[in-house]
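Participant: Sequence and computational prediction follow.
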Amino acid sequence: MSSLEPGSPVRATTVIAIARDSRVAMAGDGQVTMGETVVKGAARKVRLLRDGNILAGFAGAVADAFTLFSKLEGKLERWPLNLPRACVELAKEWRTDRYLRRLEALLAVADRNHLFLVGGDGNVIEPDRPIVAIGSGGAYALAAANALYEHTDMDAPTIALRAMEIAADICVFTNREITVLELEPA
């Protein structure tokens, strides 16, 4: 289980990824804020990569996240069947490159076998429980998802959606314009 906010906290979004019973889902809210102002309500902060085999979501600056998605896709081209290696290589480059280390974002990344939280401080964390949450509402979504995972038989997409709804009720930087993506079964 992991909700990571290394260094300074990344605010203004919530993304959660969950794996359960061979199903992997990721959900993100749609709110974009500048300071205390909501400037967009229906942004997509979660994506399918590598022909629908990888889920990736971001918290932080949008342009920075798109740069990191592009870098991650490059690493996945080099190591197409090795998400752990691709994430480690991304984190290494992110931490050491003069330009990349200024990027302010966190990534949640998942395939059918792994969930990772990737940060610019060199962290690549695979949680003990198959739940990862990032962003200002990440702790709320993580707490809700842990309870739902432990005490219900809900599937991964349902837990992701419900945890996001609970986070939206608590976090002012999280809204109910929720996108839920799921990996197709292998």
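Facilitator: Thanks, I have the structure now. As the structure is a prediction and not an experimental result, all values here were calculated from the model.

Participant: how about the helices in the chain?
Facilitator: 62-78, 83-96, 138-151, 156-170 (DSSP state H).

Participant: any idea of the angle the last one forms with helix 138-151?
Facilitator: When axes from the mean of the first three to the mean of the last three Cα atoms, to 10 degrees is applied, the directions of helix 156-170 and helix 138-151 differ by 140 degrees.

Participant: Centre-most residue in the protein?
Facilitator: By Cα atoms, centre = their mean, the mean C-alpha position of the chain lies nearest to residue 108, the distance being 2.9 Å.

Participant: Include distance to residue 185, mean neighbour count and mean pLDDT when you put the helices of the chain into JSON lines, please.
Facilitator: (Each C-beta comes from the backbone N, C-alpha and C, glycine too.) Conversion of the helices of the chain to JSON lines gives the following (distance: least, Cβ to Cβ, whole Å; neighbours: other Cβ atoms under 10 Å; pLDDT from 0 to 100):
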{"stretch": "helix 62-78", "distance to residue 185": "20", "mean neighbour count": "17", "mean pLDDT": "90"}
{"stretch": "helix 83-96", "distance to residue 185": "17", "mean neighbour count": "19", "mean pLDDT": "94"}
{"stretch": "helix 138-151", "distance to residue 185": "20", "mean neighbour count": "20", "mean pLDDT": "98"}
{"stretch": "helix 156-170", "distance to residue 185": "12", "mean neighbour count": "22", "mean pLDDT": "98"}
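
Participant: what about the ones you listed, which gets the closest to residue 104?
Facilitator: If you check each of the helices of the chain against residue 104 by Cβ to Cβ, helix 62-78 wins as the nearest, at 5.6 Å.

Participant: what's the angle between the closest one and helix 83-96?
Facilitator: Going by the same axes, to 10 degrees, helix 62-78 makes 130 degrees with helix 83-96.

Participant: okay, now residue 113: neighbour count?
Facilitator: 12 (other Cβ atoms under 10 Å).

Participant: how about it, phi and psi?
Facilitator: phi -120, psi -10 (degrees, to the nearest 10).

Participant: Quick check: closest non-adjacent residue to it.
Facilitator: residue 83 (7.5 Å; Cβ to Cβ, 6 or more residues apart in numbering).

Participant: can you tell me which residues contact that neighbour?
Facilitator: 54, 76, 109, 111, 113-114, 116 (Cβ atoms under 8 Å, 6 or more residues apart in numbering).

Participant: need the contact list for the residue nearest to the centre of the chain.
Facilitator: Residue 108 is in contact with 15-17, 26, 55-59, 115-118, 132-134, counting by Cβ under 8 Å, 6+ apart.

Participant: ok so, going back, just the buried members of the contacts of residue 83?
Facilitator: Buried subset of those (neighbour count, 16 or more other Cβ atoms under 10 Å): 54, 76, 109, 111, 114, 116.
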